[in-house]
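Quick check, what structure comes out for this input:
(one chain, ligands or ions: 1)
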Amino acid sequence: MKPTIFITRKLPEAVIQPLKEKYEVTMWNRDVQAVPRERLINEAQRADALLTMLSDRIDETLLETARELKVIANMAVGFDNIDLAAASKRGIAVCNTPEVLTDTTADLTFALLLATARRIVEAAEMVKQDKWRGWSPLLLAGQDVHHKTIGIVGMGKIGEAVAKRASGFEMRILYHNRTRKPEVEKQLGACYASFEELVEKADFVVCLTPLTAETRNLFTLEVFQKMKKTAVFINVGRGPVVDEQALYEALETGEIAGAGLDVFASEPIGADHPLLKLTNVVALPHIGSSSIDTRTAMMDLCVKNIDAVLSGRRPPTLVNQDWVTKGIVQ
Ligand code: DGY
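Numbering: from 1, shown residues only. Alright, predicted model coming up:
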């Protein structure tokens, strides 16, 4: 019998063809709507491999009945949707898609920063809605980005790529990370700062940190109050890193000047979300890595990860380095 793969969202035929040639592939055939939890649990019970999205919750409950499962290939660099310990203890490899999305996500981060600072969405809407009545000295005047201070919280590969873009704008670069990056400090002139120092000094506070037990609700009201009144907060990491109620309060009361958000505590958000009522918020539907080339590369990498494990090889981008295989990998 061929090993079985379940793919939790509709992916292009061309991408999954290599899997179909060797394995039994079942795919949830919807593009936007996530697979219902019950169906996912059922499919996982007989699957050797899962190709998952960041919106699929792969937890202990699901894993305890997924007796055949050998690999979970998550189509994201983040893997906070997966209970890593529960997978590791069952010998299941967890894979993500780092590197291939670095520049694309950094581009989006910088685009969001620029859009928020220069009020580009508001301005474009004014023209489209036929509300532009003429030039005026301070019409939609925003904040300069060049020569300002950027503070990057979470200096992984994407953080570094954002820092590179910031250096092109001749910005002063501060960063906060679990570990210092002497190479980045040397190459880009980035300065390490404590979290407190960074939030106090940065004009643009850019959150790119992964969601972990330590980073959940990292940005509280107290933190926003420490920022400059002119500060712009950008989040392209994960929504739950921010206390959204606190962010709303900070934006509404003028503690900070604006926010550009690609991620939210619970996604998708609806038009009734309080943050959307604020004109100083630019909101995007979690599209950090969404270019055609990059999303295709991410899918391809998932396919490679699955094929590697099912063929008895170590997958190219394994997350749980403590992975003890079910005895199939050399
Ligand atoms: C990721 O890969 O974790 C990103 O959030 C996707 O856009």
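
Kindly state the pLDDT recorded for Val127?
pLDDT, Val127: 98.

in a strand, that's where it is, yeah?
No. Secondary structure of Val127 (DSSP: H, G, I helix; E, B strand; the rest coil): helix, not part of a strand.

That one and the ligand: what is the separation?
29 Å (Cβ to the nearest ligand atom, to the nearest Å). C-beta: built from backbone N, CA, C; applies to glycine.

Could I get the contacting residues of the closest residue to His146 other than its chain neighbours?
Distances taken as Cβ to Cβ, 6 or more residues apart in numbering put Phe169 closest to His146, at 4.7 Å, once the chain neighbours are dropped. Phe169 sits next to 145-147 when contact means Cβ atoms under 8 Å, 6 or more residues apart in numbering.

List the contacts of the spatially most central residue of the chain.
Residue closest to the average C-alpha location in the chain (Cα atoms, centre = their mean): Gly237, at 4.5 Å. Residues near Gly237 by Cβ under 8 Å, 6+ apart: 78, 154, 207-211, 215, 263.

Phi first, then psi, for it.
Note on Gly237: its backbone torsions stand at phi -90, psi -100 [degrees, to the nearest 10].

do Lys277 as well
Torsion angles, degrees, to the nearest 10, at Lys277: phi -80, psi -10.

circling back: closest one of the contacts of Phe169 to the ligand?
The ligand has its nearest neighbour among the contacts of Phe169 in Val145, at 22.6 Å by Cβ to the nearest ligand atom.

For the residue nearest to that closest one when sequence neighbours are not counted, give me its contacts.
Of all residues not flanking Val145 in the chain, Ala117 sits nearest, at 5.1 Å (Cβ to Cβ, 6+ apart). Residues counted as contacts of Ala117 (Cβ under 8 Å, 6+ apart) are 142-145, 204, 232, 258.

which among the residues you listed end up buried?
142-143, 145, 204, 232, 258 (16 or more other Cβ atoms under 10 Å).

Need those residues in CSV (columns: pLDDT and secondary structure).
Output for the buried ones among the contacts of Ala117, formatted as CSV (pLDDT from 0 to 100; DSSP: H, G, I helix; E, B strand; the rest coil):
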residue, pLDDT, secondary structure
Gly142, 97, coil
Gln143, 97, coil
Val145, 98, coil
Phe204, 99, strand
Val232, 98, strand
Gly258, 98, strand
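
What residues does this structure have near the ligand?
Contact residues (Cβ under 6 Å from any ligand atom) of the chain with the ligand: 54, 76-78, 101, 286, 288-289.

now do 5 Å
Within the chain, the positions adjacent to the ligand are 76-78, 288-289 by Cβ under 5 Å from any ligand atom.

Filter those down to the buried ones.
Applying 16+ other Cβ under 10 Å to the residues of the chain next to the ligand flags 76-78, 288-289 as buried.

Helices of the stretch 101-250 of the chain, start to end?
Taking DSSP state H, counting those that start in this stretch, the helices of the stretch 101-250 of the chain run over residues 102-117, 120-128, 157-168, 182-188, 195-201, 221-226, 244-252.

Report the separation between the residue nearest to Val145 and Phe110.
10 Å (Cβ to Cβ, to the nearest Å).

can you check His286 too?
For His286, the distance to Phe110 - Cβ to Cβ - is 17 Å.

more crowded one of those two?
Phe110 (23 against 19; other Cβ atoms under 10 Å).

Count the residues that sit near Ala47.
With other Cβ under 10 Å as criterion, Ala47 counts 24.

Do you know the pLDDT at it?
pLDDT, read off for Ala47, is 98.

so it sits right up against Leu69, yeah?
Yes. If you go by Cβ atoms under 8 Å, Ala47 and Leu69 touch, sitting 5.9 Å apart.

Run through the strands of the stretch 201-330 of the chain in chain order.
Applying DSSP state E, counting those that start in this stretch to the stretch 201-330 of the chain gives strands spanning 204-207, 232-235, 258-261, 281-283.

a markdown table please, covering the ones you listed and showing distance to Trp135.
Converted to a markdown table, the strands of the stretch 201-330 of the chain look like this (distance: least, Cβ to Cβ, whole Å):
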| stretch | distance to Trp135 |
| --- | --- |
| strand 204-207 | 27 |
| strand 232-235 | 25 |
| strand 258-261 | 23 |
| strand 281-283 | 23 |
